[in-house]
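Enquirer: Return atomic coordinates for the entry below.
(one chain, ligands or ions: 2)
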Amino acid sequence: MKKIEDQILVIFGASGDLTARKLIPALFNLYRAKQLPKNFVVLGASRSDMSDEEFRDKVLLKSSYLNGNGAEIDEKLLHDFSQRFFYEDLGGTYDTEYSKLRKRVESLKKSFNTSGNIIYYLSTPPTLYETVARRLSESGMNTQNNGWKRLIVEKPFGYSLETAKKLNQGLQKYFTEPQIYRIDHYLGKETVQNLLVTRFSNSIFEPLWNRNYIKHVEITNAESVGVEKRGGYYDKSGALRDMFQNHLLQIVSLVVMEPPIGNHPEEIRNEKVKALKSLRIMRDEQTLFDNTIRAQYVASEVKGEEVKGYRQEDGVDPSSTTETFAAIKFYVDNWRWHGVPFYVRTAKRMPTKVTEIVIHFKTPHHQIFMDSGVNSKDNKLIVRIQPDEGILVKFGVKVPGQGFKVERANLDFYYSSLSETYVMDAYERLLLDAMQGDATLYARADEVEAAWEFVDPILDYWKNGKDVRMYGYAAGVWGPENADDLIDDNGFWRNPGENLADDPGYCVIC
Ligand SMILES: NC(=O)C1=CN([C@@H]2O[C@H](COP(=O)(O)OP(=O)(O)OC[C@H]3O[C@@H](n4cnc5c(N)ncnc54)[C@H](OP(=O)(O)O)[C@@H]3O)[C@@H](O)[C@H]2O)C=CC1
Ligand SMILES: O=C1O[C@H](COP(=O)(O)O)[C@@H](O)[C@H](O)[C@H]1O
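Expert: Ligands and ions are numbered 1, 2, ... in the order given. Prediction:
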């Protein structure tokens, strides 16, 4: 493992939800696992007026998020950890002189001997990202002559291609691209990274990983929760911006990409950009009508409880046309994937929380055994990203007895079987990588822009197109009934269960 140098982490927006729910628990777990450098401090900054003690008390010591991984909390350890946290308020808009902040950083650097290496973490509303970068630059806090400086940027990276480009250009005025780390927490998930290993460290999958053997690729991201307390944010975003443009297209890029020449961050990211650029952009209305479906959840009873419809959620416009379900069919225009449909869907208020990739292989060209049902004949490779993380291959075996009746059997691997190995949470992994200067699992500017190029026409069509439909689905079912219409050859979405081996069938509304 690369050595982690001493450093300061400055979190902008430190009084917010993300800091309390994700960043501090991740840091605490790294501290507990002795992964943080010896000389390491966190300086929180935001608009609230708080002392160091109040900050520690508010976001740290009383945090109910700290034992997310179920481990007992050692109070002494937590107290020692909290002594590394400090706070500085920046006023209402963050658009102020940072001389006070700079002095504080300098004094922490001296007291803790952190040698000038600094990560700035932007966890403010996105409208403030460029302001903070500019103010850091104006106060000379971005210069690297006395230690490196890195800037971690939270999503969303723009609202459209145009705004993403503007944001990238805005940040690149003050920090160089290698200094900028755009966080996509799906890339921090162990099983997402395992896609690279599955594909490129085995000789059994890659020869089949192309149009000659693969019939179609299906990716499902389902959440059982609704928009919770984030109605205001979500209503301006929707499923396509919130999940598809970033997390799901990142997964697509790992499925689609060519083998990189090595595992250097730029070699991997170059291939991901090529993959994203090869997605066929849908431009005409008929293509967009035929290949995209959007829907909203409506009020229903789920497991005996009344659940609000999307339009009744707090912060949501009662006549909102923001989608909570998006399903997109598309093609990849390159040699490997020509003619292979990709089906990708994401939604809130589904029957279960699950993310998985299903590679559907073609049926053998010549069938010599009788079988029961179309789907059961296909070989499938299922990569389960969450929960019950693992990989499962479905293949046909002979049912014992007379004749040649074929049934499906599973070859599987579960991460839970590695019980001795601690699997890091995505934010732990990504923070550690940034601390070490490894940007492999962070999105580069051109990746983000290539993803927006693909998504922009869909958003534009959904907003301005002539015959655009908005379907409804009852909270707690697998989306609108017509979602299956997207799939070729009268096919169906695979509606997965909570466990990888569950095979609950294929119908949308069951
Ligand atoms: N929360 C999450 O699960 C996720 C969040 N993100 C992104 O992370 C960033 C932070 O999110 P989150 O923590 O939820 O956001 P919050 O709304 O909880 O606020 C974050 C910080 O920004 C400050 N802030 C809020 N509004 C303003 C404003 N108008 N002017 C100045 N400061 C303001 C808050 O200060 P104060 O507390 O004083 O109001 C707080 O310190 C956002 O860009 C979000 O998109 C990304 C993925 C998931
Ligand atoms: O980025 C986001 O992700 C979460 C889902 O993340 P997961 O790790 O729990 O799968 C989603 O709920 C949220 O709307 C979105 O902004």
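
Enquirer: alpha carbons only for contacts and neighbour counts from here, please
Expert: Will do.

Enquirer: Can you pull the poorly scored residue ranges out of the stretch 351-500 of the chain?
Expert: 370-377 (pLDDT under 70).

Enquirer: can you give me the helices for it?
Expert: Ranges of helices in the stretch 351-500 of the chain, per DSSP state H, counting those that start in this stretch, are 374-377, 426-436, 445-464.

Enquirer: nearest to residue 28, of the ones you listed?
Expert: helix 426-436 (9.1 Å; C-alpha to C-alpha).

Enquirer: For that closest one, buried residues please.
Expert: For helix 426-436, burial by neighbour count (16 or more other C-alpha atoms under 10 Å) applies to 426, 427, 428, 429, 430, 431, 432, 433, 434, 435.

Enquirer: If residue 327 is in a bridge, with which residues?
Expert: residue 293, residue 345 (DSSP bridges).

Enquirer: I'd like the helices of the stretch 351-500 of the chain as a markdown table, with distance to residue 135 appended.
Expert: Putting those into a markdown table (distance: least, C-alpha to C-alpha, whole Å) gives the following:
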| stretch | distance to residue 135 |
| --- | --- |
| helix 374-377 | 58 |
| helix 426-436 | 22 |
| helix 445-464 | 21 |
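
Enquirer: how about the ones you listed, which one is nearest ligand 1?
Expert: helix 426-436 (10.7 Å; C-alpha to the nearest ligand atom).

Enquirer: Restrict that closest one to CA atoms and write it as CSV.
Expert: Below are the C-alpha coordinates for helix 426-436, written out as CSV (Å, rounded to 0.1, in the frame of the first residue of the first chain):
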residue,chain,number,x,y,z
ALA,A,426,-17.4,3.6,-0.5
TYR,A,427,-16.6,6.9,1.2
GLU,A,428,-13.8,5.3,3.2
ARG,A,429,-12.2,3.9,0.1
LEU,A,430,-12.6,7.1,-1.9
LEU,A,431,-11.3,9.3,0.9
LEU,A,432,-8.3,7.1,1.4
ASP,A,433,-7.6,7.1,-2.3
ALA,A,434,-7.7,10.9,-2.5
MET,A,435,-5.4,11.1,0.6
GLN,A,436,-2.9,8.9,-1.3
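
Enquirer: helices or strands up against it?
Expert: For helix 426-436, the packing partners by 3 or more C-alpha pairs under 8 Å, 6 or more residues apart in numbering; DSSP states H and E come out as helix 24-32.

Enquirer: Quick check: what element follows the helix it packs on along the chain?
Expert: strand 40-46 (DSSP states H and E).

Enquirer: Quick one: mean pLDDT over that following strand.
Expert: For strand 40-46, mean pLDDT is 96.

Enquirer: can you list the residues that contact that strand?
Expert: Here strand 40-46 makes contact (C-alpha atoms under 8 Å, 6 or more residues apart in numbering) with 6-15, 84-91, 94, 105, 108, 112, 114.

Enquirer: Equivalent analysis for stretch 7-25, please.
Expert: With C-alpha under 8 Å, 6+ apart as the criterion, stretch 7-25 contacts 37, 39-48, 55, 59-60, 63, 65-68, 105, 109, 114-125, 427-428, 435.

Enquirer: Might you report the residue contacts of the residue minimising distance to the centre of the chain?
Expert: The centre of the chain sits closest to residue 186, judged by C-alpha atoms, centre = their mean, with a distance of 3.0 Å. Residue 186 makes contact with 192, 247, 250, 426, according to C-alpha under 8 Å, 6+ apart.

Enquirer: could those residues go into CSV alongside secondary structure?
Expert: CSV is the format used below for the contacts of residue 186 (DSSP: H, G, I helix; E, B strand; the rest coil):
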residue, secondary structure
192, helix
247, helix
250, helix
426, helix
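
Enquirer: related to what we said a few turns ago, please, a PyMOL command that selects the buried ones among the contacts of stretch 7-25?
Expert: In PyMOL, a selection of the buried entries from these looks like this (16+ other C-alpha under 10 Å):
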select buried, resi 37+39+40+41+42+43+44+45+46+47+48+55+59+60+66+105+109+114+115+116+117+118+119+120+121+122+123+124+427+428+435
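
Enquirer: Determine the number of other residues adjacent to residue 458.
Expert: Neighbour count for residue 458, taken as other C-alpha atoms under 10 Å: 24.

Enquirer: related to what we said a few turns ago, so which of the helices of the stretch 351-500 of the chain gets nearest residue 491?
Expert: That would be helix 374-377 among these, by C-alpha to C-alpha, at 8.2 Å.

Enquirer: For the nearest residue to residue 4 once chain neighbours are set aside, give me its contacts.
Expert: Spatial nearest neighbour of residue 4, excluding adjacent residues (C-alpha to C-alpha, 6 or more residues apart in numbering): residue 436 at 5.4 Å. Residue 436 makes contact with 2, 3, 4, 5, according to C-alpha under 8 Å, 6+ apart.

Enquirer: Next one: the last one relative to ligand 1, how far apart?
Expert: The reference is to residue 5. 26 Å (C-alpha to the nearest ligand atom, to the nearest Å).

Enquirer: Likewise for the third one?
Expert: When distances are taken as C-alpha to the nearest ligand atom, residue 4 and ligand 1 turn out to be 25 Å apart.

Enquirer: shift numbering so it begins at 11
Expert: Sounds good: first residue 11 from here, last item residue 14.

Enquirer: doesn't residue 284 make contact with residue 264?
Expert: No - Residue 264 is not in contact with residue 284 according to C-alpha atoms under 8 Å; the separation is 10.8 Å.

Enquirer: can you tell me which residues contact the residue at the greatest distance from the centre of the chain?
Expert: The outermost residue of the chain, judged against the average C-alpha position, is residue 412 (48.9 Å), by C-alpha atoms, centre = their mean. Contacts for residue 412 (C-alpha under 8 Å, 6+ apart) come out as none.

Enquirer: Ok, the one 10 residues further on next?
Expert: Shown in contact with residue 422 (C-alpha under 8 Å, 6+ apart): 400, 401, 402, 403.

Enquirer: out of those residues, which one sits closest to ligand 1?
Expert: When the contacts of residue 422 are compared against ligand 1 (criterion: C-alpha to the nearest ligand atom), the nearest one is residue 400, at 24.4 Å.

Enquirer: contacting residues for the closest one?
Expert: With C-alpha under 8 Å, 6+ apart, residue 400 has these contacts: 201, 393, 394, 422, 423, 424, 425, 510.

Enquirer: hmm, which two among these are most spread apart?
Expert: Top of the distance list for the contacts of residue 400 (C-alpha to C-alpha): 201 and 422, 14.0 Å.

Enquirer: how about the residues of the stretch 11-160 of the chain near ligand 1?
Expert: 23-29, 56-58, 102-103, 133-136 (C-alpha under 6 Å from any ligand atom).

Enquirer: please redo it, this time with the cut-off set to 5 Å
Expert: 23-28, 56-58, 103, 133-136 (C-alpha under 5 Å from any ligand atom).
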